[in-house]
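>>> let me see the structure of the following:
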Amino acid sequence: MARGALIRWALLAALAGALAVAGGWLGLRWLDDRRMAAPVEGLQAPAVFVIERGTSLRGVVRVLENAGLLEHPGSFSRSAVRSGVAASLKAGEYEARPGVTPAELLGMLAEGRVLLHPLTLVEGWTALQALAAVQAHPAIDVRIPAGDMAALATSLGLGGRSAEGMLFPDTYLFPRGTPDEALLRQAKQRLEAVLAQSWESRQPGLPLAEPYQALILASIVEKETGAPDERPLIAGVFVNRLRIGMRLQTDPTVIYGLGAAFDGNLRRADLQRDTEYNTYTRAGLPPTPIALAGRAAIEAATRPADTEALYFVATGLGDGRHRFARTLAEHNANVSRYILALREARSGGSQ
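Numbering: from 1, shown residues only. You can find the predicted model right below:
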């Protein structure tokens with residue numbers, strides 16, 4: 001065979017080999033893409049898996065296989081390498097839902113879209129109750145000593161001020177391993193933002209010297225009514241009393257001051273027992289909030305209803321509502337009326 005023919009034959013053979021390799025590579029890429037786009041088979045309920053810090057691509061693949069989320073580990077590995085994320089998959093706790101594809105799993109790991117856990121801090125809770133709820137969550141990393149309010153105040157950076165009322169009641173989302181102090185600082189920052197915004201748009205002429213006093217009043221409003229539309233009226237009554245130097249005389253502050261001594265039954269002797277939170281024996285606001293106040297209570301405290309009422313009494317009908325009065329005579333009539341109605345309801349008949 002002539003030299004030229006040999007060269008042509010060799011070139012053709014090399015080209016054919018290259019085409020075969022390219023064809024094989026393209027075929028494999030096509031197959032990988034199909035596998036990565038197909039939903040995970042057999043996944044009937046959400047599956048949670050954890051990637052530990054420092055896990056290699058091979059380790060990630062093994063975790064996914066053990067969780068029943070990966071039928072074609074080679075396709076997953078090659079796709080991770082081709083997309084340039086093989087060395088940057090994020091550690092954390094993840095949740096795979098029915099219908100998820102391996103490509104979506106890879107995207108979750110590359111972007112660090114970890115599973116977020118919800119936790120709700122409730123309006124009217126004390127800071128101690130909020131701390132206990134946070135620390136009881138299984139996904140929280142507990143660092144603050146349980147029940148230590150001084151340590152809570154320090155972790156919140158309050159500079160000696162009480163932690164009471166300094167958390168915003170809301171639902172928070174967080175990844176597993178979040179420190180309790182980090183979540184609580186987030187709740188404190190939310191509280192500060194909401195309070196500052198409400199204080200900025202406050203009603204002119206309020207007998208409140210600073211946002212913290214508005215927060216104290218809001219916490220009392222939060223504990224006094226379960227009817228959202230009544231909050232501005234309740235706040236209006238207390239603002240009227242503050243303006244004329246009349247004592248607030250609100251039971252929730254007395255109960256808060258009693259602390260663990262309160263057994264669920266507020267007695268006349270309790271109303272007469274002087275504590276710094278007893279608004280029957282002391283004028284003005286108590287020294288700190290008495291509970292977590294929500295946005296509606298804070299807005300009520302900074303923009304109370306324009307009312308002449310100085311008194312209110314619970315109707316006792318189970319709906320958290322009150323009857324308001326301008327004068328003591330009107331109030332006493334309301335008290336008699338609703339106490340009688342409550343007694344009749346409890347006795348099952350009229351007298």
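>>> burial of the nearest residue to Arg78 once chain neighbours are set aside, as a residue count?
The shortest distance from Arg78 to any non-neighbouring residue, by CB to CB, 6 or more residues apart in numbering, is to Asp32 (5.5 Å). C-beta coordinates here come from the backbone N, C-alpha and C atoms, glycine included. One way to gauge burial is a neighbour count; for Asp32, by other CB atoms under 10 Å, it gives 20.
>>> check contacts around Asp32.
With CB atoms under 8 Å, 6 or more residues apart in numbering as the criterion, the residues that contact Asp32 are 72, 74-75, 78-79.
>>> okay, and which of these map to helices?
74-75, 78-79 (DSSP state H).
>>> redo those residues as JSON lines? Include distance to Arg143, pLDDT and neighbour count.
Written out in JSON lines, the entries for these read as follows (distance: CB to CB, whole Å; pLDDT from 0 to 100; neighbours: other CB atoms under 10 Å):
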{"residue": "Gly74", "distance to Arg143": "42", "pLDDT": "92", "neighbour count": "13"}
{"residue": "Ser75", "distance to Arg143": "42", "pLDDT": "93", "neighbour count": "21"}
{"residue": "Arg78", "distance to Arg143": "42", "pLDDT": "93", "neighbour count": "18"}
{"residue": "Ser79", "distance to Arg143": "39", "pLDDT": "93", "neighbour count": "20"}
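>>> quick check, nearest of those residues to Pro207?
Ser79 (66.2 Å; CB to CB).
>>> how about the contacts made by that closest one?
Counting by CB under 8 Å, 6+ apart, Ser79 makes contact with 32-33, 36, 102-103, 106.
>>> mind running it again at 7 Å?
With CB atoms under 7 Å, 6 or more residues apart in numbering as the criterion, the residues that contact Ser79 are 32, 36, 106.
>>> what helix or strand is Gln213 located in?
Element membership for Gln213 (DSSP states H and E) is helix 211-224.
>>> distance from that helix to the middle of the chain?
Offset of helix 211-224 from its chain centre (CA atoms, centre = their mean, to the nearest Å): 20 Å.
>>> so which elements touch that helix?
Using 3 or more CB pairs under 7 Å, 6 or more residues apart in numbering; DSSP states H and E as the contact criterion, the secondary-structure elements in contact with helix 211-224 are helix 180-200, helix 231-244, helix 251-258, helix 295-302.
>>> can you list contacts of it?
The set of residues external to helix 211-224 that reach it, using CB under 7 Å, 6+ apart, is 123-124, 165, 195-196, 199, 208, 231, 234-235, 238, 250, 252-253, 285-286, 288-291, 293-294, 297-298, 300-302.
>>> circling back to that earlier point, which of the ones in helices among the contacts of Asp32 sits closest to Thr154?
The closest of those to Thr154 turns out to be Ser79 (CB to CB; 48.2 Å).
>>> please tell me how far that closest one sits from Ala103.
7 Å (CB to CB, to the nearest Å).
>>> what's the answer for Thr178, then?
Remark: distance between Thr178 and Ala103 (CB to CB) = 28 Å.
>>> if I look at Ala193, how far off is Gln186?
11 Å.
>>> okay, how far is it across stretch 156-166, tip to tip?
This stretch, stretch 156-166, spans 9 Å end to end (CA to CA, to the nearest Å).
>>> I should have written stretch 100-120 there, sorry.
Between where stretch 100-120 begins and where it ends, there is a gap of 28 Å, by CA to CA.
>>> try stretch 153-168
Across stretch 153-168, the terminal residues are separated by 15 Å (CA to CA).
>>> what mean pLDDT does that stretch have?
Mean pLDDT, stretch 153-168: 95.
>>> how about stretch 256-263?
Along stretch 256-263, the predicted local confidence has a mean pLDDT of 90.
>>> what about it, start to end distance?
For stretch 256-263, the first and last residues are 12 Å from each other (CA to CA).
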